[in-house]
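Trainee: Return atomic coordinates for the entry below.
(2 chains)
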Amino acid sequence: MPFRIATWNINSVRLRIDLVARFLKDWSPDVLCLQETKCPQGQFPSGPLHELGYRHVAERGQKGYHGVAIVSRLPLADVESRNFCGKDDCRHIAATVATPSSRVEIHNFYVPAGGDEPDPEANEKFAHKLDFLKELVAWSGSGARAKNRHRILVGDLNVAPLEHDVWSHRDLLKVVSHTPVETDLLGRVLAAGKWTDVMRQHVPADRKLYTWWSYRAKDWAQSDRGRRLDHVWSSAGLAGRSSGIEVVREARSWPRASDHVPVIAGFSAQV
DNA sequence: ATGGTGGTCCTACCA
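Mentor: A predicted model of the protein is given here:
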């Protein structure tokens, strides 16, 4: 039995719970990781998802900002979350999922966006983003993560690392999300954890690949000025069993859409 | 070159 996991920055789960239900109904991943739930802990709208067979929800939420959650058909064990940069921001939640034939440790992240000005001296939000990524390098390389077990890291990492992860490499080199200091750091996170970029395993690096389109475009699809801010990474053993990915671009056209679309990754039987 | 849209929750802040 294949295992399919999805990630989606929903930009308010309470406002868009009907879109979440539509997605789960029509794409039926085993696990869905959400970011920017913007929903206080304990107020996650799990009812409609239970009805669709997603009986397991692990959430870490706060009022107004951030917030992450894992929604699953399969039982979730060892739920935990970590604070980064000494803040209580809800930007990480982890759980272990028992697939039909194995166990997979899942990490769901919402990396700080970083504000507008890509200068850590002038912009404390950008400084926070860089600090967060540096802490992720250390976390990724730590012994706890190096064990020989199946691991998946997903989320809105707010960095588009490759040239063709943005609509114009040249124009975006000075735009937060694609500056060299950010893309270098994300590369260090990937290397430190021996992660595989599962999306790029299936889509060659010279092909454009986006998961986010700004709300500010007159016509997002016509201008198609997107970025790949959302990611699916896996440990090496799992990467070898990765069967494909899907970017659900049509979700950007749904009524009251999020500015991010879901990404689904599949892994074959022996997982 | 600038401002464009959308979320939270009521006033500005964040994306």
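Trainee: going forward, measure contacts between C-alpha atoms and count neighbours the same way
Mentor: Noted.
Trainee: Alongside DNA strand B, which residues does the stretch 101-250 of chain A contribute?
Mentor: A:112-115, A:125, A:215-218 (CA under 7 Å from any atom of the strand).
Trainee: among the residues you listed, which two are most distant?
Mentor: A:125 and A:218 (27.4 Å; CA to CA).
Trainee: so where's chain A shaky on pLDDT?
Mentor: A:143-147, A:269-271 (pLDDT under 70).
Trainee: Which of the three states applies to the residue in the stretch 101-250 of chain A that DNA strand B sits nearest to?
Mentor: At 3.6 Å from DNA strand B, residue A:216 is the closest residue in the stretch 101-250 of chain A, using CA to the nearest atom of the strand. With DSSP: H, G, I helix; E, B strand; the rest coil as the basis, residue A:216 sits in coil.
Trainee: Same question for residue A:26.
Mentor: What three-state DSSP gives for residue A:26 is helix.
Trainee: what's the distance between it and residue A:129?
Mentor: 35 Å (CA to CA, to the nearest Å).
Trainee: Likewise for residue A:136?
Mentor: 10 Å.
Trainee: got a list of what the closest residue to residue A:7 other than its chain neighbours touches?
Mentor: Closest residue to residue A:7 apart from its sequence neighbours, by CA to CA, 6 or more residues apart in numbering: residue A:33 at 4.6 Å. Taking CA atoms under 8 Å, 6 or more residues apart in numbering, we find residue A:33 in contact with A:5-8, A:68-71, A:108, A:154-155.
Trainee: Could you dump these into JSON lines with secondary structure added?
Mentor: Below are the contacts of residue A:33 laid out as JSON lines (three-state DSSP):
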{"residue": "A:5", "secondary structure": "strand"}
{"residue": "A:6", "secondary structure": "strand"}
{"residue": "A:7", "secondary structure": "strand"}
{"residue": "A:8", "secondary structure": "strand"}
{"residue": "A:68", "secondary structure": "strand"}
{"residue": "A:69", "secondary structure": "strand"}
{"residue": "A:70", "secondary structure": "strand"}
{"residue": "A:71", "secondary structure": "strand"}
{"residue": "A:108", "secondary structure": "strand"}
{"residue": "A:154", "secondary structure": "strand"}
{"residue": "A:155", "secondary structure": "strand"}
